[in-house]
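**Student:** Build the 3D model from these lines:
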Amino acid sequence: MFRIWAKEWKANHMIKDITIENGSDDTRTHKVFQALDDVCYMFDLGKPIWLEKNINEFQRHARTRFYQDNFVEEIEFDYLELQVIEE
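**Tutor:** Got it, this is the predicted structure:
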């Protein structure tokens with residue numbers, strides 16, 4: 001089972017979180033993108049842009065943060081964090 005924990009943070013407080021599970025036979029990359037799509041749908045967000053920094057963080061630590069620079073529209077929180085909690 002593949003699980004990702006998504007959290008919205010504002011002023012060092014977690015304001016929203018959700019865990020997305022995916023048991024399909026897709027590749028890890030497809031599972032991550034599908035989980036991000038699900039998170040954005042559940043949180044009513046536009047999809048963030050993966051910058052080189054995000055890709056490197058995610059490959060090294062299985063976690064990344066999306067700040068205002070990653071979103072086209074204005075966000076009401078400081079950052080969205082994605083973390084793989086089970087592979």
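**Student:** where does Trp9 fall, phi/psi-wise?
**Tutor:** Main-chain torsions, Trp9, degrees, to the nearest 10: phi -120, psi 140.
**Student:** what's around it, how many residues?
**Tutor:** For Trp9, the count of nearby residues is 16 (other Cβ atoms under 10 Å). All C-beta spots, glycine's among them, are computed from the backbone N, C-alpha and C.
**Student:** who touches Gly23 in this structure?
**Tutor:** Going by Cβ atoms under 8 Å, 6 or more residues apart in numbering, Gly23 touches 1-2.
**Student:** Could you measure from it over to Asn54?
**Tutor:** For Gly23, the distance to Asn54 (Cβ to Cβ, to the nearest Å) stands at 25 Å.
**Student:** got it, and Phe77?
**Tutor:** 16 Å.
**Student:** Check Ala6 too.
**Tutor:** Distance, Ala6 to Asn54, by Cβ to Cβ: 14 Å.
**Student:** The two: which is more packed in?
**Tutor:** Ala6 (22 against 17).
**Student:** quick one: Arg65 is in a strand?
**Tutor:** Yes: under DSSP: H, G, I helix; E, B strand; the rest coil, Arg65 sits within a strand.
**Student:** Assess the claim that it and Leu80 are in contact.
**Tutor:** Yes: with contact defined as Cβ atoms under 8 Å, Arg65 counts as touching Leu80 (7.0 Å).
**Student:** Quick one: classify the residue lying closest to Glu21 once chain neighbours are set aside as helix, strand or coil.
**Tutor:** Closest residue to Glu21 apart from its sequence neighbours, by Cβ to Cβ, 6 or more residues apart in numbering: Arg3 at 5.1 Å. Per three-state DSSP, the secondary structure class of Arg3 is strand.
**Student:** Show me what Arg3 bridges to in the sheet.
**Tutor:** Glu21, Glu86 (DSSP bridges).
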